[in-house]
Structure formats: structure tokens, C-alpha cells
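Novice: Just to be clear, the model below is a prediction. Sequence and coordinates:
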Amino acid sequence: MSATAERRGWALLAVGALAVAGVLALLLAVSRTPHAQDWLPWSPEFFYRALITHVVLSIEVWFLACLGLLSATVAGGGRSGPAGLALAVAGTLLLLVPAIADQGEPSLNNYLPVLQHPLFYAGLLLFAGGIGLACLRLLPLLFRPPSVVAFAVACTGGVYFAALACFAVAALMIPAGTGAALFHERLFWGGGHVLQILNTALLLVCWQVLGERQWGRGPLPAGLTRAVFLSLLAFAWAAPLLYGRAEPLGLEHRRAFTALLWFALPLPSLLMGGGVALHLARQGGNRRSPASLALGLSLLVFAIGGVAGFFLGLADTRTPSHYHAVIGGVNLGLMGLFVVVVLPLLGRPPSGGKAAALQFHFYGWGQLVHALGFFLAGAAGVPRKSLGLDQGLDSLGKMAAMGVVGLGGGIAVIGGVIFVWGALRRLLTREAGDGPR
């Protein structure tokens with residue numbers, strides 16, 4: 001497999017996962033619609049099965065397939081990348097089977113919700129192994145990187161291996177006979193926190209790449225940028241050591257990983273984000289270019305999500321307000337990476353015009369409204385992970401806030417559809433040099 005074919009494969013997996021997640025989101029909406037749900041050939045539990053699969057595809061598969069794509073871009077060649085891609089595709093297909101078959105007990109644990117089904121577990125293992133194989137070739141770049149971007153991607157790959165180590169240690173330490181709900185919650189608690197470091201690193205990689213394209217240099221001096229990514233890698237590899245401090249079922253264990261993110265994420269994000277803001281304020285030229293829009297909107301949405309993290313409630317919707325905005329910021333950065341770098345690199349540049357800008361505006365501003373609605377609803381006391389009457393929408397303020405959630409989500413979906421449709425159309429179009437199919 002050529003380097004270009006591998007990069008295209010990772011890109012198709014990443015955007016394809018978003019497309020399938022979108023279809024599942026549509027089925028989720030139908031499954032909660034009176035009367036329409038009676039026409040679906042699935043049980044009432046399908047809502048939760050589809051929800052879990054939607055989350056895993058739209059966050060984990062999308063983000064980690066983008067990491068595989070970055071690894072192919074900075075360290076292409078060899079057999080580990082194509083082999084990793086094959087495993088990741090196979091794993092993703094297996095993840096879909098339980099939801100389609102309407103099987104598997106849902107486990108709505110934090111960070112990585114799962115369906116308790118052998119095929120779902122097998123899919124997770126295959127996908128995780130595939131990303132690991134692709135990232136193996138990044139390790140030499142930690143010591144002799146040809147560029148700042150290569151070093152940044154290599155550090156992000158190192159963070160991924162730290163997450164895998166946490167999952168493995170947790171699986172070994174959790175006592176046999178632990179209830180399924182508690183087992184899954186604590187299995188993915190530590191590694192899930194490390195994946196948040198990885199998500200942040202992905203966004204910072206996007207800022208570096210887009211900054212080089214927009215301004216001819218990254219947001220920060222090269223030495224400081226390397227220090228930023230090295231600090232993320234160091235904190236990620238401190239995470240497995242926390243398992244020696246407290247057993248994974250205890251409260252101290254939960255608090256330790258929460259504290260880890262408080263130490264690991266603010267300073268690197270502030271430094272890189274400050275550099276982006278400074279360059280955006282000083283830049284001349286086209287402020288409406290895709291790179292400039294992706295940089296500005298991703299910074300704004302991510303920063304607001306970060307600030308919201310300082311005002312979380314105990315179990316209300318201020319928590320999804322925080323993570324929807326933070327994840328939305330990462331998504332905007334990756335959208336910019338595809339539009340500005342990935343598709344042109346594959347010889348499939350997107351068409352210009354209003355659609356190129358509208359996808360960022362719809363998604364970015366929609367996510368902000370969506371997160372704002374969640375924050376206002378949470379401040380009014382609406383609980384998270386609740387549906388229908390369980391939401392307790394007993395006041396005009398609560399109902400209005402949840403209406404804002406729906407409005408913002410709808411606007412963001414329009415931007416997401418524009419991006420996915422445009423990217424898939426370009427990736428699936430046969431170009432000269434593709435060869436026979």
C-alpha cells in the first residue's frame with residue numbers, strides 16, 4: 001500500500017465514522033418520537049445501544065483515526081501503518097454489529113461507554129490495536145524529529161500508549177466479581193482521562209499545522225512548542241503510576257485522575273491558545289480563509305468549554321456543557337486540518353465558495369449555543385444523562401434552556417453535514433492515479 005493510499009484510508013475511516021454516527025443520531029431522534037418509534041424494528045433499549053455506538057464513533061474512532069492519519073503523514077512507509085489501518089477498520093465494523101442487531105447490555109459509564117457484547121469488546125480491542133500499530137512508527141521521531149509537527153504528532157502517539165497502559169493496569173487490578181457497571185466505570189476512568197490529554201494534543205497539533213499554513217510559522221517559537229508537547233507526554237505517562245498510589249475502586253483513585261487533568265492541561269492550552277490569539281489579532285490578509293476560521297472558532301469554542309469546566313455542578317448538565325464545547329473545539333481544529341491540509345495533500349482539494357466557510361460558522365456557533373443551553377439548564381438543576389420526565393422540566397427556565405440546547409445542536413448538525421458530505425464526496429471521487437478498483 002502506498003503512503004497516499006494509506007492516508008486516504010485513514011481519512012475515509014475518520015470521516016466515515018462521523019457519517020455513520022450521524023445516521024445513528026437520526027435514528028436516535030426517531031426512536032424518541034411518539035408513534036414514529038413504533039415503526040422501528042428495534043426494542044426500546046435500542047436508544048441506548050445506538051447512543052453508545054454514536055458516542056464511540058463520533059469521538060473515539062474519529063479522533064483516533066485522525067491520529068492514525070497524522071502518523072501516516074509524518075512517518076509513512078513500512079507495514080505497521082497499513083496493518084494498523086486494516087485492524088482499525090475491522091474493529092470499527094465489529095463495533096457496529098451489536099447496535100444493528102439490537103443486542104448487548106448498555107453501560108453508560110464515563111469516557112468510553114460500552115455495549116456488553118463479545119463483538120463490541122472485540123471491536124474495541126482490534127481498533128485499539130490498529131491505532132497502536134500505526135503509532136509504533138512515531139516513537140523514533142521522539143528522538144530525531146524532522147520538524148516541530150513530527151515531534152508533536154509523536155508525543156501525541158506516546159500519550160495514546162499511556163492510555164493503553166492505564167486500561168491494561170486497571171483491567172489487572174480491578175477485583176474479580178466486581179459488578180459490571182462499576183467495572184466499566186473504573187476500567188475506563190484512568191485511561192479515559194489520558195485520552196482527554198490526547199484530544200487536547202490533537203487540537204494543539206491542528207493549531208501548529210494550520211498556523212504554519214496561515215502565517216508561515218506556528219503559534220509559539222519551536223522550542224516552546226516542543227516543551228508544550230513534551231509536558232503533555234510527561235503528564236500522560238505519570239498516569240499509570242497513579243495505580244500504585246490507590247486501588248482503582250476507591251475514591252482517592254478518582255480524585256487523583258481528576259487532579260491530573262487540572263495540572264496537565266491548563267498551561268499548555270493557555271500557551272498555545274495565547275499564541276493563536278496573538279497571531280490572529282496581528283494577522284493581515286484573508287481573515288475568512290478556512291485556516292483562519294478554523295483557528296479562531298476552535299480557539300473560542302475550546303476556551304469557553306475550558307472555562308465552563310471551572311463551574312461544574314455535581315450531576316447536572318453543566319458537565320456536558322463543558323465537554324461538548326471542548327470536543328467541539330477539537331472537532332473544529334480537525335475540520336480545518338482536513339479542509340486546508342489533508343484533502344489537498346491527497347490531491348482532492350475541496351471546492352471553495354461559501355460552503356467552505358459555512359461549515360465552520362454553522363458548527364462553531366451552533367456548538368456554542370448548544371453548550372450555553374446545557375450550562376443554563378444545569379444551573380437551573382436539570383440532571384445529566386436523563387430523558388423525558390426524568391429531566392424534571394418543571395419551570396419555564398428549564399424548558400427554555402433545553403430548547404436552546406436543541407437549537408444549537410440543530411445548527412451544529414448543519415455544519416457537520418456540510419463537512420462530512422464535502423469530505424466524503426472528495427475522498428470517494430475517483431481521481432487520476434487512483435488505479436483500477
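Specialist: Cool, the structure landed.
Novice: any chance you could map the strands in this structure?
Specialist: 105-107, 114-116 (DSSP state E).
Novice: Which residues outside stretch 196-204 are in contact with it?
Specialist: Residues outside stretch 196-204 that contact it (CB atoms under 8 Å, 6 or more residues apart in numbering): 63, 66-67, 111, 152, 155-156, 159-160, 163, 228-229, 232, 235-236, 261, 264-265, 268-269, 272, 298, 302, 326-327, 329-330, 333-334. No exception for glycine: its C-beta is placed from N, CA and C like everyone else's.
Novice: I'd like the strands of the chain as a markdown table, with mean neighbour count and distance to R186 appended.
Specialist: Listed next are the strands of the chain as a markdown table, based on neighbours: other CB atoms under 10 Å; distance: least, CB to CB, whole Å:
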| stretch | mean neighbour count | distance to R186 |
| --- | --- | --- |
| strand 105-107 | 18 | 12 |
| strand 114-116 | 21 | 13 |
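Novice: For Y243, find the nearest of those strands.
Specialist: strand 114-116 (20.5 Å; CB to CB).
Novice: Neighbouring strands - and their directions - for the closest one?
Specialist: Applying DSSP bridges, strand 114-116 is found paired with strand 105-107 (antiparallel).
Novice: longest helix of the protein?
Specialist: helix 396-428 (DSSP state H).
Novice: Show me what that helix is packed against.
Specialist: Judged by 3 or more CB pairs under 8 Å, 6 or more residues apart in numbering; DSSP states H and E, helix 396-428 is in contact with helix 3-31, helix 343-345, helix 354-379.
Novice: what's the closest of the ones you listed to L182?
Specialist: Smallest distance to L182 across the helices and strands packed on helix 396-428 (CB to CB): 25.0 Å, for helix 354-379.
Novice: Next, the buried residues of the closest one.
Specialist: 356-357, 359-379 (16 or more other CB atoms under 10 Å).
Novice: okay, now I414: neighbour count?
Specialist: Neighbour count for I414, taken as other CB atoms under 10 Å: 15.
Novice: OK, contacts around it?
Specialist: 362-363, 366.
Novice: Next, format these as CSV and append distance to L26.
Specialist: Shown next, in CSV, are these (distance: CB to CB, whole Å):
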residue, distance to L26
F362, 17
Y363, 17
G366, 17
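Novice: Show me which of those residues is closest to R7.
Specialist: Using CB to CB, Y363 comes nearest to R7 of those, at 23.6 Å.
Novice: Okay, the residue nearest to the closest one when sequence neighbours are not counted and N199: tell me how far apart.
Specialist: Nearest residue to Y363, sequence neighbours excluded (CB to CB, 6 or more residues apart in numbering): G415, at 2.9 Å. To N199, G415 is 19 Å away according to CB to CB, to the nearest Å.
Novice: P98 too?
Specialist: 25 Å.
Novice: next one: F362
Specialist: Distance, F362 to N199, using CB to CB: 22 Å.
Novice: how does this structure divide into domains?
Specialist: Following automatic domain parsing, the chain resolves into domains at 1-137, 163-283, 287-429.
Novice: want to throw these into JSON lines with mean pLDDT and distance to S147?
Specialist: Listed next are the domains of the chain as JSON lines, based on pLDDT from 0 to 100; distance: least, CB to CB, whole Å:
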{"stretch": "domain 1-137", "mean pLDDT": "89", "distance to S147": "8"}
{"stretch": "domain 163-283", "mean pLDDT": "95", "distance to S147": "9"}
{"stretch": "domain 287-429", "mean pLDDT": "85", "distance to S147": "14"}
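Novice: gap between S292 and G416?
Specialist: According to CB to CB, S292 stands 20 Å off from G416.
Novice: what about the strands of the chain, which gets the closest to T317?
Specialist: strand 105-107 (19.8 Å).
Novice: if we can go back for a sec, quick one, which of the domains of the chain gets closest to V148.
Specialist: Using CB to CB, those put domain 163-283 closest to V148, at 5.0 Å.
Novice: and that closest one, how far apart are its ends?
Specialist: 37 Å (CA to CA, to the nearest Å).
Novice: Hmm, G211 is touching T225, no?
Specialist: No: at 9.6 Å, G211 does not count as touching T225 under the criterion of CB atoms under 8 Å.
Novice: which of these two has more neighbours?
Specialist: T225 (25 against 22).
Novice: how many neighbours does L64 have?
Specialist: Using other CB under 10 Å, L64 is surrounded by 28 other residues.
Novice: Can you get me a residue count around the nearest residue in space to it that is not next to it in sequence?
Specialist: Nearest residue to L64, sequence neighbours excluded (CB to CB, 6+ apart): I131, at 4.8 Å. Using other CB under 10 Å, the number of residues around I131 comes to 28.
Novice: now do A65
Specialist: 29.
Novice: got it, and the one 4 residues further on?
Specialist: Here the number of neighbours of L69 (other CB under 10 Å) works out to 26.
Novice: same check, this time on G397
Specialist: Neighbour number of G397 under other CB under 10 Å is 15.
Novice: Same question for L139.
Specialist: 13.
Novice: returning to what we had before: got JSON lines for the domains of the chain, with distance to R144 too?
Specialist: Output for the domains of the chain, formatted as JSON lines (distance: least, CB to CB, whole Å):
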{"stretch": "domain 1-137", "distance to R144": "11"}
{"stretch": "domain 163-283", "distance to R144": "13"}
{"stretch": "domain 287-429", "distance to R144": "23"}
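Novice: Spatially nearest residue to the spatially most central residue of the chain (excluding sequence neighbours)?
Specialist: In the chain, the C-alpha closest to the average C-alpha coordinate belongs to I59, at a distance of 3.7 Å (CA atoms, centre = their mean). Excluding its sequence neighbours, the residue lying closest to I59 (CB to CB, 6+ apart) is I327, at 6.5 Å.
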